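Q: need a 3D model of the following:
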Amino acid sequence: METVEVCAYHSRKKQMDESIKTGIERINASTSIDEKIKIAKDILLNTRVVVDEDTLCQFEDTNWYTEDNLLKKYLEYKKTKSTIYRGIDCDVSLLSIVMYVLLSDEIELSDIINQYNSKQKYEIKRNGTSFKGDTLTSALHILKLYLGCLWKYIDNDDKLKSEKKYNEFYKLFPYVARTGVPVAPTGVWNEYCFDNSDIIWNVMDESAKQFFKCYNMFGNYMRIPGRSYQIGSKIWTSFNMARSNKGKWDTIDTLLGKIYAYYKNDDFRYLSMIFTDKKEELTQETLQWLQEFQNWSDFIEKNALSAFVDKDTLIPISLKTGYPINIETINNYDARPKNYQEFIIFFGQFSNRIILRNENIYVKLSEINTK
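A: Numbers count the residues shown, from 1 in each chain. So this is what the prediction gives:
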């Protein structure tokens, strides 16, 4: 079905590099956070983990490591009661947090601590400042819209409906809601799709499969401000939660576009547009974070983000077009694809650029190791 050139999906390796595997086993066996951090640093500086693996490799058994249905794996990862990924957030996992520190001149490995009441989540605390990690482009909202678009595409093509794999997928959902999301006839949407993930995976485009292969790669994570702010009796928000807008704004091009506009116009109001809650507090925290960087170019270089901007102008690239964003319209920028071709472009752009960022991070870590 794809009609644009994209990065093709390839199943992952069936065996982890022995030095990475041994290092992860040593981390899991250690009871000392200092020792865990030391081992994680060694893995990051002396192996190709950021290029050859994804962040889930820290937690998986052999069955899940070799699972080729990456939609099933993603939906298992999102389960609150997952037997394999329970209590895991890849953007604040040990290897991710140590990577953030190694890429920065402003923080030290000794600043890493466990998050409250968690043995698997970490954060960075230094001089009263807190940092965590964020997933640059989230998958769930995009997945829902893509499957809705795919369902409609099949609905309008009798030839596709006559093919077994498309017909099986088509019959899973009775209709697509006005939100663009295909309606699960029973139960919770994520669980329904997990139960039928083989049918869904079989019909997904190659570029969509590649998207899920790249989703948990190191290149999809970045250090961000980490304070939490109370917005209700038992409800808290933070940088990564307040920028999401229920997934609508949770893409790398949306985030970079607003930060770029701030630098270009010297106007902090563009930073406030990143958030839906606690705008004033989060804008101030973001301004404090951005003081680490001399300018936009320095921000891109130190965060290894060159893969996501135009090489000449440094304007952020729109994932759904592959071209620089029109920054004059960033106030109303909507990163979400609106049709089938835009989804194919979005997935291909994301995957290719994540792979490039993986390489950029690897080069920066290699430079650290040779100093």
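Q: report the contact partners of the residue lying closest to Thr186 once chain neighbours are set aside.
A: Distance criterion CB to CB, 6 or more residues apart in numbering; nearest residue to Thr186, sequence neighbours excluded, is Tyr192 at 6.4 Å. (Glycine included, C-beta is placed from N, CA and C.) For Tyr192, the contacting residues are 184-186, taking CB atoms under 8 Å, 6 or more residues apart in numbering as the criterion.
Q: if we go to 10 Å?
A: 75, 172-173, 182-186, 200 (CB atoms under 10 Å, 6 or more residues apart in numbering).
Q: can you name the residues that contact Ala242?
A: With CB under 10 Å, 6+ apart, Ala242 has these contacts: 229, 231, 249, 274-279, 281-282.
Q: for the chain, what spans make up the strands?
A: Ranges of strands in the chain, per DSSP state E, are 112-114, 122-126, 129-135, 221-225, 228-230, 236-238.
Q: thinking again about what came up before, put the buried members of the contacts of Ala242 into a ChimeraX selection.
A: Burial among the contacts of Ala242 is assessed by 16 or more other CB atoms under 10 Å; the matching ChimeraX selection reads:
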select :229,249,274,275,276,277,278,282
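Q: nearest to Ser238, of the contacts of Ala242?
A: Comparing the contacts of Ala242 against Ser238 with CB to CB picks out Tyr229 as the nearest, at 6.8 Å.
Q: would you list the phi and psi of the closest residue to that closest one other than its chain neighbours?
A: Spatial nearest neighbour of Tyr229, chain neighbours left out: Lys278 (4.5 Å); criterion: CB to CB, 6+ apart. Lys278 adopts backbone torsions of phi 50, psi 50, taken as degrees, to the nearest 10.
Q: got a list of what Lys278 touches?
A: By CB under 10 Å, 6+ apart, the contact set of Lys278 is 227-231, 236-239, 241-242, 284-285.
Q: switch to 7 Å and redo it
A: By CB atoms under 7 Å, 6 or more residues apart in numbering, the contact list for Lys278 reads 229, 231, 237, 242.
Q: repeat that for Ala139.
A: 74, 212, 215.
Q: how far away is it from Asp250?
A: From Ala139 across to Asp250, the span is 9 Å (CB to CB, to the nearest Å).
Q: related to what we said a few turns ago, could the strands of the chain go into TSV alongside distance to Val92 and mean pLDDT?
A: Shown next, in TSV, are these (distance: least, CB to CB, whole Å; pLDDT from 0 to 100):
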stretch	distance to Val92	mean pLDDT
strand 112-114	10	98
strand 122-126	6	97
strand 129-135	5	97
strand 221-225	9	98
strand 228-230	13	94
strand 236-238	11	93
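Q: thinking again about what came up before, and of the contacts of Lys278, the nearest to Arg353?
A: The nearest member of those to Arg353, counting by CB to CB, is Ala242 at 24.4 Å.
Q: in space, what's closest to the closest one - neighbours in sequence excluded?
A: Here the nearest residue to Ala242 in space, its sequence neighbours aside, is Phe275; by CB to CB, 6+ apart that works out to 4.0 Å.
Q: quick one: buried residues of the longest helix along the chain?
A: Scanning the chain for the helix with the most residues, using DSSP state H, yields helix 340-369. Buried residues in helix 340-369, defined by neighbour count with 16+ other CB under 10 Å: 340, 342-355, 357-362, 364-365.
Q: do the same with stretch 55-71
A: Quick answer for stretch 55-71 (16+ other CB under 10 Å): 55-60, 64-65, 69-71.
Q: who's in contact with it?
A: 11, 14, 16, 24, 73, 77, 84-85, 88, 90, 93-96, 197-198, 200-201, 204, 209, 212-213, 216, 218, 221.
Q: and stretch 109-125, by the same measure?
A: Outside of stretch 109-125, the residues within contact range by CB under 7 Å, 6+ apart are 33, 37, 41, 87-89, 92-94, 97-98, 100-101, 107, 126, 130-132, 226.
Q: mind doing that once more with 6 Å?
A: Contacts to stretch 109-125, defined as CB atoms under 6 Å, 6 or more residues apart in numbering, come from residues 37, 87-89, 92, 94, 97, 101, 107, 126, 131-132, 226.
Q: which single one of the buried residues of stretch 55-71 is nearest to Asp310?
A: Thr55 (27.7 Å).
Q: ok, the nearest residue to that closest one once chain neighbours are set aside to Thr22 distance?
A: Nearest non-adjacent residue to Thr55, counting by CB to CB, 6+ apart: Cys90, 4.0 Å away. Distance of Cys90 to Thr22, given as CB to CB: 21 Å.
Q: could you do Asn240 as well?
A: From Asn240 to Thr22 the distance is 32 Å (CB to CB).
Q: do Asp42 as well
A: From Asp42 to Thr22 the distance is 10 Å (CB to CB).
Q: so which of the two has more stuff around it?
A: Asp42 (16 against 13; other CB atoms under 10 Å).
Q: domains of the chain?
A: What automatic domain parsing lists as the domains of the chain is 18-140+213-369, 141-205.
Q: returning to what we had before: want to throw the strands of the chain into TSV with distance to Arg269?
A: Output for the strands of the chain, formatted as TSV (distance: least, CB to CB, whole Å):
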stretch	distance to Arg269
strand 112-114	33
strand 122-126	28
strand 129-135	21
strand 221-225	18
strand 228-230	19
strand 236-238	19
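Q: closest to Val309 out of those strands?
A: Closest approach to Val309 among the strands of the chain (CB to CB): strand 221-225, 13.9 Å.
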